[in-house]
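**Q** With the sequence up front, the predicted model follows.
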2 protein chains.
Amino acid sequence: MAAIMKGGYRGQIYPINPTVDEVEGLRCYPSITDVPGPVDLAVVVVPSRTVPQIMRECAQKKVPGAVIITSGFGETGEEGRRLQQEIVKIAHEGNVRFIGPNCMGVCSSPAKLSALMIPFLHAKGEVAFISQSGGYGMQLYLRAQNVGVGISKFISSGNEADLDCVDYLRYFAEDEDIRLIALYIEGIKNGRKFFEAARGVSKIKPIVVIKVGTTDVGSKAASSHTGALAGSDRIYTAAFRQSGVVRTSNAEEMFDAIKALLYCPLPKRERIAVITNSGGVGVETADACVQLGMCLPTLTRESQVKIMEVIPPFGNPRNPVDLTASLNMEAFLKVPDIVLQDENVDGVITLGLGVSIIHAMFPDTPREAFLGIIKGLNDQLVKTYKKYDKPVLVINPAADMEVEAAKLLEDNGIPVYVTPSRAARAMAALLEYKRYREAAV
Amino acid sequence: MAAIMKGGYRGQIYPINPTVDEVEGLRCYPSITDVPGPVDLAVVVVPSRTVPQIMRECAQKKVPGAVIITSGFGETGEEGRRLQQEIVKIAHEGNVRFIGPNCMGVCSSPAKLSALMIPFLHAKGEVAFISQSGGYGMQLYLRAQNVGVGISKFISSGNEADLDCVDYLRYFAEDEDIRLIALYIEGIKNGRKFFEAARGVSKIKPIVVIKVGTTDVGSKAASSHTGALAGSDRIYTAAFRQSGVVRTSNAEEMFDAIKALLYCPLPKRERIAVITNSGGVGVETADACVQLGMCLPTLTRESQVKIMEVIPPFGNPRNPVDLTASLNMEAFLKVPDIVLQDENVDGVITLGLGVSIIHAMFPDTPREAFLGIIKGLNDQLVKTYKKYDKPVLVINPAADMEVEAAKLLEDNGIPVYVTPSRAARAMAALLEYKRYREAAV
C-alpha cells in the first residue's frame, strides 16, 4: 500500500481488510466485493491459507487480474502445491488471470504503479524486465537505472502458477513502449511454447536473458527454490540461439548487452576496428574481439594514409589504430570519421576520453573545467558516430569513477564500458542478434 | 617536475636544463654533473636523440638509477632500436640501471615520489603494480584505489631495455611493504628467466597477471606497440599455472582476485558454502562455483538442524543456504557462524546487506540511518567471519551504488563483489594459489 501510494499512482486505491476502517488515510473495505466501482487489479498480500477465499471474491467482483505476492505455495512442498492448484482452479473458473504467487510484485513507470516492496520507478526506460528470482530481480531492477538501463515495466513472476514467461513475452512484444525484453530465468516450464514465442518476438525486438541453474548443483538449488525444473543447460543454449535470444551469464553482461542493443545500429558483419590512445587497451580489445569470433580487418590504403596525416609518426594507422598518448585533439576528432567511413569496417570500439585521468594530471584545475572540455569534444564525436549506420562502443576505464562523463555519451546513445572485454562482449551480442535477424527474414 | 613536487616528495629535487636558471622555484642546473651532492635517481624526459648524452652524464655523476620516460626507441623501428642499444651500452658501462624507455614513469607511496604524468599516490597499499602498458597501466593505477586495491608502488616498465619484469619481481619479492605483485604484461622477453623467478616468488607472495596478446591479432598488435614478442598463449597459460601465477583476463578480474588474495585466508579445499537471502543469487553463485571447479558440499546434519532453528520454515538449510527475503536478523547473524564451523566447508560466499535496497523500501528514513544499522550488523558479522581460518567473500549487487557500505566490510578485510560470478571467480583465484602453495612446499 505504502509503495503504491509513494510511487505516485494516480488511479483509485482500495485497501481491503476486515478489521480496520482506514489504511494510510484511505477508506478500507472489509472485502473486495464491498468496493463500490470496478477493480482492475488486486494486489494480494494476505497469508497463503486465506488466498483461495480472496481469489473467490476477486472472481465474484469480476477483477480481471491479480498479483499474488504471498509465498507458501508450490515452492514449499506437497501442501503448498495443493494450495497452488486450488487458486489456479478458482482463478481459471472465475476468469481472473494472475501473476505469482511467491513473487515481489510488479511495477510500471507509465502507469506510475509500484506494487513492489520498494516504491521505486525508473524515470524513463524502454526495457521490460521479467524475473523469476524475486529478491535478486528487485536488486537488479534497482541497480539497472544506475548503470544506464531504464526499465519501465518490471514483473517479479514468482511461481508462474497462471501467467508465465511465455505470456509476458507475447505481451511485451506488442507493447509499443517496450523496445527490449530482459528475463532472469531459473527454469522454464513449457520449453517448446517458450521458444516458439521467443522465435517470433526476437524478429521484432531483442530478448536478453540470464538463465541460471546451468550446472546440476545450481539446477537442484533452483528447483528447491521456485519448484521449476531447470533442464539440461546444453539444450537451453541451443534453443536460445535458435530463437534469437541473447544469453548473458550475469547481471553485468546483461546490462552491457542491453545498452548496446538499445542504442546501436546492428553491425553488418563481424569486422571490427579498434581505436585507442593506449597500446595496451588496443591489444586487450583485439584479443577479446577475436576470442568472441570477430575479426580486425586491415583498413583500406586510403584510410591508412588519411590516418597517418593526423597521428604522430610513432602512432599506428593499422587496426588497432593507435593515436598514442600524445592527446592530439585533431587525431581524436578525425580518426573515428576516417575509420567509420572505411568499407572494411562494420563496427568500432574506441577508447574514450576520461575526466579522472586528465584531472589527475592537472589536479589544481577544477574537475568541472575538464568535464566541460570533454563534453565539447564528445558532442563533436557523437555527431561523427551518428553519421554512419555502424555501432560505436566506447571504453572508459574510469567510467565507474566518473558517471557524469559516461552519461555525456550514453544520453546520446553511445554506450560506455569499463573494460575492453565488456565492450567486446557487448559487440558480440549485437552481432549475435544481427545474425538471427538476418537469417530469420 | 610538477608531479614530483605536488606528490609531496621530501628529498632534494634538482631540475636539469641548460637554458634556464629556475624551474618551479627550484635552482636549475645546466647538466646533472653540475649538481653539488650525490643524485639517487634521474628522471629523463628529454627528446630521444639527447638521451645517450644524458645517460653518459648520469654515468659520469655515478647516478645509480634512471627512469627514461622518453619514447622513440625500440618501439619505432630500426633507428629507434639502434638508439636503444646505444643507451643500454652506455648504462651498462657506466653502471646506471634504468627503467624504460618509452614509459610513463614510476611512483612510490612510502617515498612520496610520484615521477609520473599524474601527481597521484595511493594513500596506502600493499600491492606493487608493474605495467608494460603505459597509458592503460596508469589508468588502472588510478582506478585501483577506487575499487579498494591500494597500490603503493607502481612501475610503468615501457620497453624494458635494461631492467625488466624479472628484476621487478625479484625486487618486490624482498620488499617487506609489498604483500602482492600485480603485472600487466604484453610480452615477456626471457620466458625461462621470468617463470623461474615467478616460481620462487609465488611461494612467498601471490603474483597476479593480465597477459594480453592472447590471440594472433592481439599479439601482432602488442608486437608493434612495445616491440615485445607475445609468444604462444597456450605456453603462457601452462607456464603461469606451473609457476603459481594467478592469471586474470581483464582489469576487473585482476582487482577482484587481488582483494581476495590480500584479505582472505586460503581455503583448504574446494568445498564452498553459499548463504543467500535470495534464491536467484544462490543458484547463480552455485552455478559459477561449479563451473570454476569448486563444489557445494552437503552441510553436516548438525549444521542443518541448527540452521533450521533460526530460518523460516520456507527457507533452505542445505547448500545454498536460503535465509529467505524475510530479513530475519537472527538468521543473518547466526547462520554464517554455523556454516563456517561446519567441517565440510572450506570457504563461504554470502549475499551481503545492502543499504540501497532497504533505503528503497523506506525512502522517508534517511539513508544514513540504514548505513548505521548495517554498520552495526556488519561489525558483528565481521567478528564471526574472522573467528574461522576460512575465506568469506560477500556479494552486494548494489556495491557500486553504495561504496560506503562496501567499505564497511572491505576496511575490515572482507572483500565485496557486485555479482555472484565475480565472487566465485575470486574464490577460484584463492584456490588456484592455495594449490600451488601446497604443491610447492
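**A** Yes, it's here. Numbering: from 1, shown residues only, chains lettered A, B, ... in the order given.
**Q** How about stretch A:289-297, which residues are buried there?
**A** By 16 or more other Cβ atoms under 10 Å in any protein chain shown, the buried positions in stretch A:289-297 come out as A:Cys289, A:Val290, A:Gln291, A:Leu292, A:Met294, A:Leu296, A:Pro297. Yep, even glycine has a C-beta here, placed from its N, CA and C like the rest.
**Q** which SS class is the last one?
**A** Taken by DSSP: H, G, I helix; E, B strand; the rest coil, the conformation at A:Pro297 corresponds to coil.
**Q** how about stretch A:53-71: buried residues?
**A** By neighbour count with 16+ other Cβ under 10 Å, stretch A:53-71 contains the buried residues A:54-59, A:61, A:63, A:65-71.
**Q** quick one: the strands in the stretch 301-441 of chain A?
**A** A:321-322, A:347-351, A:392-395, A:416-417 (DSSP state E, counting those that start in this stretch).
**Q** Now find how far off-centre the longest one is within its chain.
**A** Put simply, strand A:347-351 sits 22 Å off its chain's centre (Cα atoms, centre = their mean, to the nearest Å).
**Q** who does that strand pair up with?
**A** Paired strands of strand A:347-351, with direction, are strand A:272-276 (parallel), strand A:392-395 (parallel) (DSSP bridges).
**Q** tell me the mean pLDDT for that strand?
**A** When pLDDT is averaged over strand A:347-351, the result is 97.
**Q** Also stretch A:14-28?
**A** 95.
**Q** Hmm, A:His122 is touching A:Ser109, no?
**A** Yes. Assessed by Cβ atoms under 8 Å, A:His122 is found in contact with A:Ser109 at 5.4 Å.
**Q** Mutual contacts of these two, please.
**A** Contact criterion Cβ atoms under 8 Å, 6 or more residues apart in numbering or on different chains; residues shared by A:His122 and A:Ser109: A:Ile151, A:Ser152.
**Q** worst-scoring helix or strand of chain A, pLDDT-wise?
**A** The helix or strand of chain A with the lowest confidence, counting by mean pLDDT, DSSP states H and E, is helix A:216-226 at a mean of 68.
**Q** Spatially nearest residue to the closest residue to chain B within the stretch 151-300 of chain A, not counting backbone neighbours?
**A** Taking Cβ to the nearest Cβ as the measure, the point where the stretch 151-300 of chain A comes nearest chain B is A:Gly280, at 2.4 Å. Distances taken as Cβ to Cβ, 6 or more residues apart in numbering or on different chains place B:Ser133 nearest to A:Gly280, at 2.4 Å, with adjacent residues excluded.
**Q** which residues does that neighbour contact?
**A** By Cβ under 8 Å, 6+ apart, the residues touching B:Ser133 are A:Ser278, A:Gly279, A:Gly280, A:Val281, A:Val283, B:Tyr184, B:Glu186, B:Val212.
**Q** tell me the two of the buried residues of stretch A:289-297 that are most distant?
**A** Spatial extent of those (Cβ to Cβ) is set by the pair A:Gln291 and A:Pro297 at 16.7 Å.
**Q** all helices of the stretch 251-400 of chain A, in order?
**A** Per DSSP state H, counting those that start in this stretch, the stretch 251-400 of chain A carries helices over the ranges A:251-263, A:279-291, A:301-310, A:329-341, A:355-361, A:367-387.
**Q** How about the residues of the stretch 1-150 of chain A by chain B?
**A** Within the stretch 1-150 of chain A, the residues that sit near chain B (Cβ under 8 Å from any Cβ of the partner chain) are A:3, A:6, A:71-72, A:75-76, A:104, A:117-120, A:131-140, A:142-143, A:146-147.
**Q** Buried subset of those, written for ChimeraX?
**A** Here is the ChimeraX selection string for the buried members of the residues of the stretch 1-150 of chain A next to chain B, based on 16+ other Cβ under 10 Å:
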select /A:3,6,71,72,75,76,104,117,118,119,120,131,132,133,134,135,136,137,138,139,140,142,143,147
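**Q** Looking at the residues of the stretch 1-150 of chain A next to chain B, which are in strands?
**A** When strands are assigned by DSSP state E, the members of these inside them are A:Ser131.
**Q** residue boundaries of the helices in the stretch 1-150 of chain A?
**A** Across the stretch 1-150 of chain A, reading from the start of the chain, the helices by DSSP H, counting those that start in this stretch fall at A:2-6, A:51-60, A:78-93, A:134-144.
**Q** what would the ones you listed look like in TSV with mean pLDDT?
**A** Listed next are these as TSV, based on pLDDT from 0 to 100:
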stretch	mean pLDDT
helix A:2-6	91
helix A:51-60	98
helix A:78-93	96
helix A:134-144	92
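**Q** Please identify which of these is closest to A:Pro265.
**A** With Cβ to Cβ as the measure, helix A:134-144 is the member of these nearest A:Pro265 (22.7 Å).
**Q** Show me what the closest one is in contact with.
**A** Taking Cβ under 8 Å, 6+ apart as the criterion, the residues outside helix A:134-144 that touch it are A:102-104, A:107, A:116-118, A:120, A:122, A:127, A:129, A:131, A:150-151, A:154, A:156, A:158, A:184, A:251, A:254-255, B:277-281, B:284, B:325, B:354, B:356-357, B:360, B:397-398, B:400-401.
**Q** After that helix, which helix or strand is next?
**A** Past helix A:134-144, further along toward the C-terminus, the next helix or strand under DSSP states H and E is strand A:151-156.
**Q** That next one pairs with which strands?
**A** Strand A:151-156 sits in its sheet next to strand A:105-108 (antiparallel), strand A:127-131 (parallel), going by DSSP bridges.
**Q** what's the closest of the ones you listed to B:Glu438?
**A** Here strand A:127-131 is closest among the strands paired with strand A:151-156 (Cβ to Cβ), at 40.9 Å.
**Q** That closest one - what's its average pLDDT?
**A** Taken as a whole, strand A:127-131 has an average pLDDT of 98.
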